[in-house]
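Chemist: curious how this folds, go ahead:
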Amino acid sequence: MHLKDSGAALRWRAAILFSRTGRLPLLLILLSGGLLTFWLGVQLPHTMAQQESLAKIQSQLRIRLPLDSQLPALESHITPGEYQQVGLIFDRLSQNGLRVEASRYQLDKDATGSSLLLDIPLQGAYLPLIESLEALARTLPLKIEQITLSRASPMESQLRVTLRLRLLKEVP
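Modeler: Model prediction:
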C-alpha cells in the first residue's frame, strides 16, 4: 500500500507542477534535460579515453632516465620539470621511428642563468627527424644548438645524427 500511496503522491505533485508551469516550459525543461543526458552519454567514452591517455603519459613520466655515469651528481641538480621535459623529448624522438643511442647531460652556466645541455646521438630518416624537431620546438622551451648529420654511404637513407639541445629555464 505504501508504494501505491507514493505513486499517487508523485502523480499529484506532477499535476501541480504542470498546472503551475504550463505545458511549454515543462516540455522545454524535459527536452533540455534529455539532450544533456544524451550529450553526456556520448562524451563519456571520449572522456574515459582521455583519462587513460593521461594516466599512460603520467606513468611514462615516472620512469627514471639513465644519466651519464660520469656525472652522478647531475641528478640532484635537475628540476622535476627539466626531467619531464627530457623524457618528453626522448618520447617524441622515438615516436617518429628515430632510435636514440645514448645521451649526455651538461649543466651550463651562462649569462641568463643555468640551463641543461643535451647531446643526443641517434639514427633515423631525415623527414621524421625534421617533424620531431619542429614538434619539439613548438611545444617545449628549448633551443636547438647544433645538428650534425652523416650517413655511411650515399645510397643509405638512415642518418647518423648528433643533436645538441638547450633546455631553457622556465620563467616563474
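
Chemist: so Val100 bridges to which residues?
Modeler: On the basis of DSSP bridges, Val100 is bridged to Leu122.

Chemist: list the contacts for it?
Modeler: 90, 93-94, 120-122 (Cβ atoms under 8 Å, 6 or more residues apart in numbering). Just so you know, the C-beta spots here come from the backbone N, C-alpha and C atoms, and that holds for glycine as well.

Chemist: for the chain, longest helix please?
Modeler: When the chain is parsed with DSSP state H, its longest helix is helix 23-61.

Chemist: who does that one touch, helix- and strand-wise?
Modeler: helix 80-95 (3 or more Cβ pairs under 8 Å, 6 or more residues apart in numbering; DSSP states H and E).

Chemist: how about a cut-off of 10 Å?
Modeler: Contact analysis of helix 23-61 by 3 or more Cβ pairs under 10 Å, 6 or more residues apart in numbering; DSSP states H and E lists helix 2-21, helix 80-95 as its packing neighbours.

Chemist: and the residue lying closest to Gln84 once chain neighbours are set aside, how close does it get to Ala15?
Modeler: Nearest non-adjacent residue to Gln84, counting by Cβ to Cβ, 6 or more residues apart in numbering: Leu61, 5.2 Å away. To Ala15, Leu61 is 58 Å away according to Cβ to Cβ, to the nearest Å.
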